[in-house]
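J.: Any chance you can model this:
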Amino acid sequence: MKKTSLAFGCLATALLMSTSAFGQQAVSQPNGKIEFEGGGYLNPFAGQYAAGVSFAAPMGDQFGIQVDAAIHNRSNSVTTGGAIHLFTRDPESYLAGAAAGYVMTDAAKLFAVGPEVELYVDQLTLEAWAGWANVDYVSPFRTDASGYFALADIAYYATDNTRLSVGGGTILGTETINFTVEHSFVESALPFSLTGKLAWDEGFGTRATVGFKSYFGDEGKSLIDRHRQDDPRNLGLDMFIGTLPAESEPECTECDA
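T.: Sure, this is the predicted structure:
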């Protein structure tokens with residue numbers, strides 16, 4: 001209970017701090033996206049897919065809210081997750097707010113909360129989410145852990161509809177690096193993007209995936225405008241970096257703490 005109260009206290013404090021400079025039109029209109037990626041981990045090979053859905057809505061002109069849900073499967077071991085964002089934004093220069101997210105397996109639950117920031121400079125975007133994280137294990141033979149986390153990406157829009165990004169971070173000591181490309185086809189009746197990702201994390205190693213995103217909202221909006229005027233990224237998907245065990249822990253007195 002004390003941990004939960006602290007987490008929500010941090011969330012509220014970060015949001016209040018973010019409103020020191022009020023943004024304009026934090027979310028242009030109710031909107032969302034569905035995304036899917038599939039591929040595999042290498043050495044040893046393991047099939048992998050992940051899917052997510054996000055919905056964002058304005059709270060007046062100055063604030064926005066978004067809810068994320070996500071699922072990840074690696075070799076038939078399923079992890080679920082989600083996140084909630086509260087933020088203010090000036091679409092010409094920044095997003096500032098706070099977010100809380102979780103992922104869960106049969107063996108453990110991971111919770112993370114902290115400030116969320118995006119900075120916009122011409123065709124460049126810097127995205128960061130950092131703060132406090134806690135993992136609770138089901139097995140009594142493993143020790144729960146708390147500590148810091150930080151995830152950050154820098155993206156370059158080669159065109160208004162083509163995004164290239166590199167990023168990485170750490171969650172409770174598990175490091176991750178990723179390279180991603182996304183191209184949007186805004187001329188279609190239902191706007192969608194194709195994506196590709198090459199990523200590495202200490203939990204499972206290297207993985208390569210291709211994916212698909214379908215956006216809901218203004219059909220004629222470019223990719224860069226969607227990212228700066230509508231829904232932020234799905235943080236539930238960003239937390240699938242191997243921090244949690246892939247399956248239930250054996251109940252034995254010799255398990256590592």
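
J.: In contact with A199, which residues are there?
T.: By C-beta atoms under 8 Å, 6 or more residues apart in numbering, the contact set of A199 is T176, I177, N178, F179, T206, R207, A208, T209. C-beta coordinates here come from the backbone N, C-alpha and C atoms, glycine included.

J.: if you set the cut-off to 7 Å instead, what comes out?
T.: For A199, the contact set (C-beta atoms under 7 Å, 6 or more residues apart in numbering) comprises T176, I177, N178, R207.

J.: State the number of residues packed around the first one.
T.: Yep, that's T176 we're talking about. A count of neighbours around T176, defined by other C-beta atoms under 10 Å, yields 20.

J.: likewise the last one?
T.: Neighbouring residues of R207 were enumerated by other C-beta under 10 Å; the total is 22.

J.: surely it meets G40?
T.: Yes. Counting by C-beta atoms under 7 Å, R207 touches G40, with 6.5 Å between them.

J.: who touches both of those two?
T.: Joint contacts of R207 and G40 (C-beta under 7 Å, 6+ apart) are Q48.

J.: number of nearby residues for the closest residue in space to E35 that isn't next to it in sequence?
T.: Leaving aside its sequence neighbours, E35 sits nearest to K213 (C-beta to C-beta, 6 or more residues apart in numbering; 4.3 Å). Neighbourhood size, K213 [other C-beta under 10 Å]: 21.

J.: With A96 instead?
T.: A96 has 22 nearby residues by other C-beta under 10 Å.

J.: any idea how far it is from F36?
T.: Remark: distance between A96 and F36 (C-beta to C-beta, to the nearest Å) = 30 Å.

J.: Kindly report the same for E175.
T.: Using C-beta to C-beta, E175 is found at 26 Å from F36.

J.: now S28
T.: From S28 to F36 the distance is 25 Å (C-beta to C-beta).

J.: go on, H183?
T.: Taken as C-beta to C-beta, the span from H183 to F36 is 16 Å.

J.: Repeat that for N178.
T.: 17 Å.

J.: which residues touch the helix or strand containing G168?
T.: For G168, the element it lies in under DSSP states H and E is strand 162-171. Outside of strand 162-171, the residues within contact range by C-beta under 7 Å, 6+ apart are 112, 133, 149-158, 175-183, 223, 239, 241, 243.

J.: and with 8 Å instead?
T.: 110, 112, 127, 133, 148-158, 175-184, 223-224, 227, 239, 241, 243.

J.: roughly how far out does that strand sit from the chain middle?
T.: When distances are taken as C-alpha atoms, centre = their mean, to the nearest Å, strand 162-171 is centred 11 Å away from the chain's centroid.

J.: Pull up the pairing partners for the following helix or strand past that strand, direction included.
T.: The helix or strand immediately downstream of strand 162-171 is strand 174-185, counting by DSSP H and E. As defined by DSSP bridges, the strand partners of strand 174-185 come to strand 162-171 (antiparallel), strand 192-201 (antiparallel).

J.: can I get the CA coordinates of the first one in CSV?
T.: In other words, strand 162-171. This file holds the C-alpha atoms of strand 162-171, laid out as CSV (Å, rounded to 0.1, in the frame of the first residue of the first chain):
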residue,chain,number,x,y,z
THR,A,162,9.1,8.5,-42.6
ARG,A,163,10.6,8.2,-39.1
LEU,A,164,14.0,6.8,-38.2
SER,A,165,14.8,6.4,-34.5
VAL,A,166,17.5,5.0,-32.2
GLY,A,167,17.1,4.5,-28.5
GLY,A,168,17.6,2.5,-25.4
GLY,A,169,17.4,2.4,-21.7
THR,A,170,17.4,0.4,-18.5
ILE,A,171,14.8,-1.1,-16.3
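
J.: avg pLDDT for that strand?
T.: When pLDDT is averaged over strand 162-171, the result is 96.

J.: in that strand, what counts as buried?
T.: Buried residues in strand 162-171, counted by 16 or more other C-beta atoms under 10 Å: R163, S165, G167, G168, G169, T170, I171.

J.: Can you tell me, leaving aside adjacent residues, what's nearest to the last one?
T.: Closest residue to I171 apart from its sequence neighbours, by C-beta to C-beta, 6+ apart: F149 at 4.3 Å.
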